[in-house]
Each structure stands twice: as structure tokens, then as C-alpha cells.
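K.L.:
Give me a model of this one.
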Amino acid sequence: MDLSTTYLGLKLRNPIVVSASPLSRSMDSMHQLEDKGASAIVMHSLFEEQITHEIESMDHYKSYGTESFAEALSYFPNINDYYYAPEEYLELVAKAANELEIPVITSMNGVTPGGWISYAKKMEEAGASALELNIYYVPTDVRTTGTEVENRYLEVLKEVRSAVKIPISVKLNTFFSSIPNVAQRLVNEGADGLVLFNRFYQPDIDLDELDVKPGIELSNSYENRLIIRWIGILFGKIKASLAATTGIHTVEDILKLTMSGADIVMMCSALLMHGPGHIEKVLQGLELWMQEHEYESIEQMKGSLSHKSITDPSAYERANYMKALNRYKLLV
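P.N.:
Below is the predicted model:
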């Protein structure tokens, strides 16, 4: 079977890409993922706060007390030359790009345009094949409009696009009022691909300590239903690669998302639970299914059940909602 696919202009040996996660924090782990069949790896995210915090901290120590001891300035290096945590990220990117045969995609997580975006250029220089923008923004001000939120995404993308030549993908969230319109505007602004969807980690309340705590739970296959809908709707309507992430665990998950129109599927939770060997197992199952159902390639099935390809596109729309409710009523 021909499992190859193309994402962001990169020719990949199969559709399984490792999504941004702790799995890319060491070369040993990344080598294992490549050996077990991963076609590309998205590096864990470099956060805007990591860079801005370090710069602000260094600026504080560089200037503190200099009103009394001007000569103290000479004891500190220039901020731009100072070695801090983000530089370690760039070193890992360079090492991965040099040692791995599969593409290395870096990930930037931030919400504001600004100086931190200069690191996009450094990632490109380190050897990244592409860049994923994870604009993780939760508006809390009642005066913030939906248009302002959308423009924030566009502004960040515009600045990064002007800084690098490598392909850029943007990781979307599910809360836009018109996902197709936002998708098209991002593509118009220079996005080469879209990743659906960012998985917002919701807070929890600790009743013993009476405090709000961060919470994280691994995904399950049911969570990919929303992705099936929107990739299915976007397929063939925008000129950009489509990546599915969240809830990809099984052969069936990959098949469904590919048929809806995904160029690649990104795995994280399944690999954290089962280890890198899970990729190999799923790929074997994928080949077996394709053989049994007489598919010769991934390209042959891609988008075959998308909104524009099926006989009754209302299955992706409001009609599906009504049918689902009526069916449940009949079952009970």
C-alpha cells in the first residue's frame, strides 16, 4: 500500500505525525518515534512567556542598582547575547534536524505580536522544516469582540510570515463563530496549513483547598468527531494542508479523518499511553484494512467522504443534528 501523503509541501511516508508534546523533549525519544514509523515530529512548544520572562528578568538584573554603580553595567552581557532557556530549545531543534531523516516541525505558543516572534527566524536557521503556530488565547474581557480575537490570530501570523520562508501552519480552536471564514482569512494571510483543533485544557476546582487548579486528561477517540465535521467541510474549499489532532488513537480514527479530508493525523495521547510502538501497530492495521477494502493509496481515499464529495452533504450540517436526535428517540 502507498501510505505517503503531502503536508505543508513536505512529502511524508505516511499520515501519522507526532504532535507537540513531551515526546520530543529528548533525542532518544524522537529516534524511537522515527524508528517506529512516525513520518514527522512537531517539537514541544516554545512559549512566548519563556522568552519574554527571561528577557524581562535579565533586563531587571542588568539595570538594578546602576543608578548608584554605573560600572555595574560592564559586568553583564548584552541581553541579545545572553544564553537562556529558549536557546536550549534551538539547540535541540538543530540536533533533531541533523540526526533525523524525517521532517522536524517547530511549535510556537503565544498570543501577541512582538519581539518573541524573532525566534521564528532562529528556528528556521536551526533547520526546522516548518513552523506550527499555536495561538492559545482565552478572552476574558467582556469588551473584547470576536473580530478582535480573529485579528489577533491574523496579526501574529502576519509577523511570523514576514520573518520566515519555511511553511507555516496555524493551530485553530473551536470557538470561532465562522470557522470557514477564519480559515480562509488565515490562508489569505500566508498560512500553508491548518491544524484542527487546539485542545484547550480546562481548569478544575479543588474543593478541599478551595482553589482553581490546572487540569489535564488524555484524549479519547470520541473527541475527533468535531474534527471530522470541520475538516470534512473545509476539504477542497481552501488551498491549504489540513491536519487533524486530538482523539486520534486507532486505525479507524485515521481512516475516518483521512476520508473526511485530512492530509495527516497527529498523535499524542495514544503514544503517551502505549509508547512509540503504537505507531507501528496502527500502520500495520492501516495497510491491512486498505488491502481488504481494495484501496491502493492514502490519496485515493482522502476526502472521499468530505462535505463536497458525498451525495447528501446535509450529513455535515443541521440535518445531521435532527437525524441524530430522532434516531436516539427511536432507540429508547
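K.L.:
where do the strands sit along the stretch 1-150 of the chain?
P.N.:
Per DSSP state E, counting those that start in this stretch, the stretch 1-150 of the chain carries strands over the ranges 5-7, 10-12, 16-18, 40-47, 104-109, 130-134.
K.L.:
Of all those strands, which one comes closest to Ser306?
P.N.:
Closest approach to Ser306 among the strands of the stretch 1-150 of the chain (Cβ to Cβ): strand 5-7, 15.3 Å. (C-beta placed from N, C-alpha, C; glycine too.)
K.L.:
can you give me the end-to-end distance of stretch 133-153?
P.N.:
End-to-end distance for stretch 133-153: 9 Å, by Cα to Cα, to the nearest Å.
K.L.:
do the same with stretch 284-298
P.N.:
End-to-end distance of stretch 284-298 (Cα to Cα): 14 Å.
K.L.:
one step back: figure out which of the strands of the stretch 1-150 of the chain is closest to Glu189.
P.N.:
strand 130-134 (11.1 Å).
K.L.:
So which elements touch that closest one?
P.N.:
Packing partners of strand 130-134 (3 or more Cβ pairs under 8 Å, 6 or more residues apart in numbering; DSSP states H and E): strand 104-109, helix 118-126, helix 146-163, strand 168-172.
K.L.:
Quick one: residues in contact with that strand.
P.N.:
8, 10, 20, 42, 45, 103, 105-110, 120, 123-124, 156-157, 160, 164, 166-171, 192-193, 195, 198 (Cβ atoms under 8 Å, 6 or more residues apart in numbering).
K.L.:
same deal with stretch 3-13?
P.N.:
By Cβ under 8 Å, 6+ apart, stretch 3-13 touches 14-15, 17, 37, 39-40, 102-103, 105, 129-130, 167-169, 192-193, 241, 243, 263-264, 283, 286-287, 297-299, 302.
K.L.:
Could you give me the buried positions within the strand or helix carrying Lys281?
P.N.:
Under the criterion of DSSP states H and E, Lys281 resides in helix 277-292. By neighbour count with 16 or more other Cβ atoms under 10 Å, helix 277-292 contains the buried residues 278-279, 281-283, 286-287, 290.
K.L.:
Same check on stretch 223-233?
P.N.:
Under 16+ other Cβ under 10 Å, the buried positions of stretch 223-233 are 223-224, 227-233.
K.L.:
which one among these gets closest to Leu90?
P.N.:
Ile227 (31.1 Å).
K.L.:
That's all I had, so thanks and see you.
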